[in-house]
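*Asks:* Just to be clear, the model below is a prediction. Sequence and coordinates:
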Amino acid sequence: MQHFRKAAAAAAAVLLLGTGIPGAQAADRPAGTERGTLSSGARYVIDTPADWNGTLLVWSPGYIGGAPGGEAAGGPGGAAREWLLQHGYALAGSKPTTNGWAVKELLRDQQEVVDTAAAALGEPEKTIAWGTSMGGL
């Protein structure tokens, strides 16, 4: 599964590079991570690059087993996350309040994640939904 995640992240990065997405005007904003809670109780995260290119990637996680809880992720971690941030992509995502099959919850929360990110970053030029497994639906 780990190899699949790395391959999917690399494919997404290559796809994004090949789209010819124009860069947004860079605004003065600090790079960093914002975490919080949506109105549904779901957790969210927004990772802001130092030089935002105007594209917001909204991540939906795969099926999560075990006890509920934990933090939201804006995408896969490691090298893929660092590459995307270094190339100006803002990353956002949510973590439902329950585990298991949560497609309905992820879809319900996605617009609020986008709105929250837009309030923090400014209106994105492009918003791309992506995910793994269940979140890729």
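*Replies:* Okay, I see it. Numbers count the residues shown, from 1 in each chain.
*Asks:* which parts of the longest helix seen in the chain are buried?
*Replies:* Criterion DSSP state H: the longest helix present in the chain is helix 103-121. Using 16 or more other CB atoms under 10 Å as the test for burial, helix 103-121 gives Glu105, Leu106, Arg108, Asp109, Gln110, Val113, Val114, Thr116, Ala117, Ala118, Leu121. Where C-beta positions appear, they are placed from N, C-alpha and C, glycine not excepted.
*Asks:* Can you name the next helix or strand after it?
*Replies:* Per DSSP states H and E, the first helix or strand lying C-terminal to helix 103-121 is strand 126-131.
*Asks:* Would you indicate which residues of that following strand are buried?
*Replies:* Thr127, Ile128, Ala129, Trp130, Gly131.
*Asks:* Run through the residues that contact Leu85.
*Replies:* For Leu85, the contacting residues are Ala31, Asp47, Pro49, Leu91, by CB atoms under 8 Å, 6 or more residues apart in numbering.
*Asks:* give me that answer again for 10 Å
*Replies:* Counting by CB atoms under 10 Å, 6 or more residues apart in numbering, Leu85 touches Ala31, Thr33, Asp47, Thr48, Pro49, Ala50, Asp51, Trp52, Gly74, Gly75, Leu91.
*Asks:* Point out the other helices and strands that the host helix or strand of the second one packs with.
*Replies:* In this structure, Thr33 is located in strand 32-37 according to DSSP H and E. Using 3 or more CB pairs under 10 Å, 6 or more residues apart in numbering; DSSP states H and E as the contact criterion, the neighbours of strand 32-37 among helices and strands are strand 43-48, strand 90-95, helix 103-121.
*Asks:* Would you mind putting the ones you listed into JSON lines with distance to Pro61 alongside?
*Replies:* Formatted as JSON lines, those follow (distance: least, CB to CB, whole Å):
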{"stretch": "strand 43-48", "distance to Pro61": "11"}
{"stretch": "strand 90-95", "distance to Pro61": "7"}
{"stretch": "helix 103-121", "distance to Pro61": "8"}
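*Asks:* before we move on, back to that, and the buried residues of helix 103-121, which is closest to Gly62?
*Replies:* Nearest to Gly62 among those is Leu106, at 10.3 Å by CB to CB.
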